[in-house]
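1. Model the following, please.
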Amino acid sequence: MKNRRKTAKIILWIARVWSLLSLFFMFWMVGAHFIEALSENGGGISFNSSRESISFLFFPVCIMIGLLLAWKWEGLGGLITVLGIVGFHIIRPDLIFDPMIDGLAAPGLIFLLYWLINRNLKTA
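-> Residues are numbered from 1 along each chain as shown. Next up, the predicted model:
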């Protein structure tokens, strides 16, 4: 039982560190796009199609929201992140198994894994 708790804590901290790196990168990239869009046309980010808008909501917006929520609620944040990446891949099947995109969302799956392990430890 003690080894399971220690393993769960290690999984949690792997997810947290990875999520920090992912969040830093995504905030940096989204911020750069907003600054570029503001300086070029004085508006904001413009999308060429509704497909682009929806895919932007799934990735990076849902991923960022999910990873932020996972710090407090691992299950909810992990679920939002995983559903966001699944929705993104449904909209953009050409990017399935892209290691950069999936790598940025992977902490959500690890948060879900931690939540499942932790929930089983509480009921045991």
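2. ok, and the residue most central in space within the chain, which helix or strand is that part of?
-> Residue closest to the mean C-alpha point of the chain, counted by Cα atoms, centre = their mean, is Ile63 at 3.0 Å. Using DSSP states H and E, Ile63 falls within helix 63-70.
3. who's in contact with that helix?
-> If you take Cβ atoms under 8 Å, 6 or more residues apart in numbering as the criterion, helix 63-70 is touched by 15, 19, 22-23, 26-27, 30, 76-85, 104-105, 107-108, 111. C-beta here means a position set from N, CA and C on the backbone, and glycine is covered the same way.
4. Hey, what's the angle from the longest helix anywhere in the chain to helix 63-70? Just curious.
-> Of all segments of type helix in the chain, defined using DSSP state H, the longest is helix 2-41. Per axes from the mean of the first three to the mean of the last three Cα atoms, to 10 degrees, the angle that helix 2-41 makes with helix 63-70 is 140 degrees.
5. Next, the buried residues of helix 2-41.
-> Within helix 2-41, the residues scored as buried using 16 or more other Cβ atoms under 10 Å are Ala8, Ile11, Leu12, Ile14, Ala15, Arg16, Trp18, Ser19, Ser22, Leu23, Met26.
6. Same list (the residues you listed) but as JSON lines, adding distance to Ser53 and pLDDT.
-> Formatted as JSON lines, the buried residues of helix 2-41 follow (distance: Cβ to Cβ, whole Å; pLDDT from 0 to 100):
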{"residue": "Ala8", "distance to Ser53": "38", "pLDDT": "93"}
{"residue": "Ile11", "distance to Ser53": "35", "pLDDT": "96"}
{"residue": "Leu12", "distance to Ser53": "34", "pLDDT": "97"}
{"residue": "Ile14", "distance to Ser53": "33", "pLDDT": "98"}
{"residue": "Ala15", "distance to Ser53": "29", "pLDDT": "98"}
{"residue": "Arg16", "distance to Ser53": "30", "pLDDT": "98"}
{"residue": "Trp18", "distance to Ser53": "28", "pLDDT": "98"}
{"residue": "Ser19", "distance to Ser53": "25", "pLDDT": "98"}
{"residue": "Ser22", "distance to Ser53": "22", "pLDDT": "98"}
{"residue": "Leu23", "distance to Ser53": "22", "pLDDT": "98"}
{"residue": "Met26", "distance to Ser53": "17", "pLDDT": "96"}
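7. Fine by me, we can end here.
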